[in-house]
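K.L.:
next input, structure requested:
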Amino acid sequence: MSAYRGLFTREHRRSFLVGLILLALAMVFQFYASAYTNRVTSNFVPDLLLDRLPILNLNFIIVEGALTTIAGSIILLLAQPKRIIFAMKAVAIFIATRAVFISLTHLGIYPGQIGPDPTGIFDHIYTGLGLEAGFFFSGHTGLTFLMALIFWDRKFWRFAYLILSATFGIAVLFAHVHYSIDVFAAPYITYSIFKMSQYFFKEDYDLMRS
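P.N.:
Residues are numbered from 1 along each chain as shown. As a prediction, the model looks like this:
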């Protein structure tokens, strides 16, 4: 608890509450965007990379790996509370941005895509959170890259999240869960989201780096 002592002044508590509200609103937005996207049907398009990659069942990485990473990231943030407020707001911007993007793009499922197992417990949690909805851009690749940026000053965690981001990117391509543009565009969009968060939530960023 010593890490929390003296951290949350009245101003910080207010900012923490704003972060929670933003995160909740972003998740609600994502829920409706996912529901809308799932109702819209379209045709698939050729993909220079997917056309040449074999199809592999990598759900243990895409589903269980994603849920484990989310849970582990929450624990890691709780252990380093100065990062919590900025991380909540940055993740909220990330989720909201992706919700907008998946609402705008309606490409069809690429042939042979290996999706979540409808009988699996973790798969139900995964789909219930709306993590499988939409293509552009890859949440698996982007969110782990965002965490790498948040923990950039911690060498171990920086490289751990960068490795996770690359691993998820490779996995969703081999499972044909994402088009290649979804994966390769994710780091660029995520970096922009991080810089926006730095600008709009400067005090929270300064707290994180103090």
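
K.L.:
least confident secondary structure element in this protein?
P.N.:
Using mean pLDDT, DSSP states H and E, the weakest-scoring helix or strand in the chain turns out to be helix 121-128, at a mean of 75.

K.L.:
what comes into contact with it?
P.N.:
Here helix 121-128 makes contact (Cβ atoms under 8 Å, 6 or more residues apart in numbering) with 59, 63-64, 66-67, 116-117, 132. All C-beta spots, glycine's among them, are computed from the backbone N, C-alpha and C.

K.L.:
again with stretch 99-114
P.N.:
Applying Cβ under 8 Å, 6+ apart, the set of residues contacting stretch 99-114 is 26, 29-30, 32-34, 36-37, 40-45, 47, 50, 55-59, 133-137, 175-177, 179, 189.

K.L.:
what does stretch 9-19 give?
P.N.:
8, 84-85, 88-89, 92, 203-204, 207.

K.L.:
now those residues as CSV including distance to M147?
P.N.:
Shown next, in CSV, are the contacts of stretch 9-19 (distance: Cβ to Cβ, whole Å):
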residue, distance to M147
F8, 22
I84, 13
I85, 15
M88, 12
K89, 14
A92, 14
E203, 21
D204, 16
L207, 17
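
K.L.:
buried subset of those?
P.N.:
Among the contacts of stretch 9-19, those scoring as buried are 84-85, 88-89, 92, 204, 207 (criterion: 16 or more other Cβ atoms under 10 Å).
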